[in-house]
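**Q** here is my input, please return the structure:
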Amino acid sequence: MTRMRKIAAVLSAASAALLAIPPTASATPAPHKTFFKEDFDRLPLGPVTAGRGWSADTSNGSLTVEPGATGHGHELRLHTEGNGRAFLSLSGLAPAGNSFWARLRLRVDRLPTAPDWAHWTIAEASGSDVPTLVRPLGGQYVPTSKGNFWGVGSDLGPTGDWTAWKTSAPATAGTWQCVEFHLDATDNRVTVYLDGSEKPELTVSTKQHGGTADDFVFPHFDKLKLGWQLYQADPTPSSYDMHLDDVALSSKRVGGCGS
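**A** Numbering: from 1, shown residues only. Next comes the predicted model:
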C-alpha cells in the first residue's frame, strides 16, 4: 500500500470511530415537558365553567373570558363577593418526581384593607393522599405595616395553618405581574419569583417554614387551583377581581418573565 493510501485509510478509520461515539447529554439536552398551557385565546368571550384540562371551582364567585388588556387575545377575570372563591382548577396532575414549575401573569384590581390580618390565596396545590394544602402564592393584609404582602403558606397538615409573609415582598394592586413558583419535592421546597427575580425570603422548605416545629412535607400532588380566595367574612372591599393570563406548568422553569 502506498503512503498516501495508508494516510487515507487511517483518516477513514478515525472518522468512523467518531461517528460511532454517542452524543453527550450536553450536545443534545433533553427537552423539558410543558404539561399544561392556557392563554384563554381559544375560548369564547363571556362566562366560562371549563377549558382545556381545567374546570371552575367557585363559591360566591365567577369566571369570565374577556378581551386582553393590551387589545390582543383574551384573559380570564375571576370575580368574588365577600369571602367567596373563584379558581381555575386542574385535576389529575401527576408531575414527575412530585415536582413542577408554574408561570402565570396576574393582576388583582384591589387588595383587602380590613379585617386585620385578612388572608388571601392565589395558588393552592394538594393531593388525595393527605389533607395538607400547599399555598405557593398568597398573602396577607398586615395592619401593623398597613399593607398587603406576599407569603407562602400551608394548612391542614402537621405544621398547621400559616402564611410566611414578608414586608420585603409587597403585593401591589392594579398592576400586571409575571409570577413563577417551583415546588421541589427533594426538600419540600417552595421558591417564588416575581417578574423574573427570585424572592429568596419567601422560600420555605422541610425544616424552615412558618408553622410548628414539625416537618413540612408535600402531599403527592394531583390538583392545582389558580385564582382568588379571601377567608375572612365582611372584608373591605366587599368584592374582588383578579385577571389571569399565560398560565404554564412544566417539569422545568418556563421563563418568559424577564430577568
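**Q** ranges for the strands of the stretch 51-200 of the chain?
**A** Along the stretch 51-200 of the chain, counting by DSSP state E, counting those that start in this stretch, strands occupy 54-67, 74-91, 100-108, 119-126, 133-142, 147-155, 162-170, 177-184, 189-194, 197-198.
**Q** now these in TSV, with mean neighbour count, distance to D215 and mean pLDDT?
**A** Placement of C-beta: from N, CA and C, glycine included. Below are these laid out as TSV (neighbours: other C-beta atoms under 10 Å; distance: least, C-beta to C-beta, whole Å; pLDDT from 0 to 100):
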stretch	mean neighbour count	distance to D215	mean pLDDT
strand 54-67	17	29	98
strand 74-91	20	26	98
strand 100-108	22	21	98
strand 119-126	24	17	98
strand 133-142	24	13	98
strand 147-155	24	12	98
strand 162-170	18	14	97
strand 177-184	20	15	98
strand 189-194	21	12	98
strand 197-198	13	24	96
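**Q** of all these, which lies closest to T206?
**A** When those are compared by C-beta to C-beta, strand 189-194 sits nearest T206, at 7.6 Å.
**Q** from P143, how far off is P67?
**A** Noted for P67: a distance of 37 Å to P143, by C-beta to C-beta, to the nearest Å.
**Q** just the CA coordinates of stretch 221-240, formatted as PDB?
**A** Written as PDB, here are the backbone C-alpha positions of stretch 221-240 (Å, rounded to 0.1, in the frame of the first residue of the first chain):
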ATOM      1  CA  PHE A 221     -49.700  16.500  44.100                       C
ATOM      2  CA  ASP A 222     -52.700  15.700  41.900                       C
ATOM      3  CA  LYS A 223     -54.600  19.100  41.900                       C
ATOM      4  CA  LEU A 224     -53.700  22.800  41.400                       C
ATOM      5  CA  LYS A 225     -56.100  25.700  41.800                       C
ATOM      6  CA  LEU A 226     -55.300  29.200  40.500                       C
ATOM      7  CA  GLY A 227     -57.500  32.200  41.300                       C
ATOM      8  CA  TRP A 228     -58.600  34.100  44.300                       C
ATOM      9  CA  GLN A 229     -60.000  33.300  47.800                       C
ATOM     10  CA  LEU A 230     -60.200  35.500  50.800                       C
ATOM     11  CA  TYR A 231     -61.100  33.700  54.000                       C
ATOM     12  CA  GLN A 232     -62.500  36.300  56.400                       C
ATOM     13  CA  ALA A 233     -66.100  37.400  56.400                       C
ATOM     14  CA  ASP A 234     -67.200  41.000  55.600                       C
ATOM     15  CA  PRO A 235     -63.900  42.200  54.100                       C
ATOM     16  CA  THR A 236     -63.100  45.600  52.800                       C
ATOM     17  CA  PRO A 237     -63.600  46.000  49.800                       C
ATOM     18  CA  SER A 238     -66.600  43.700  49.600                       C
ATOM     19  CA  SER A 239     -65.700  42.200  46.200                       C
ATOM     20  CA  TYR A 240     -62.600  41.300  44.300                       C
END
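**Q** alright, that wraps it up for me.
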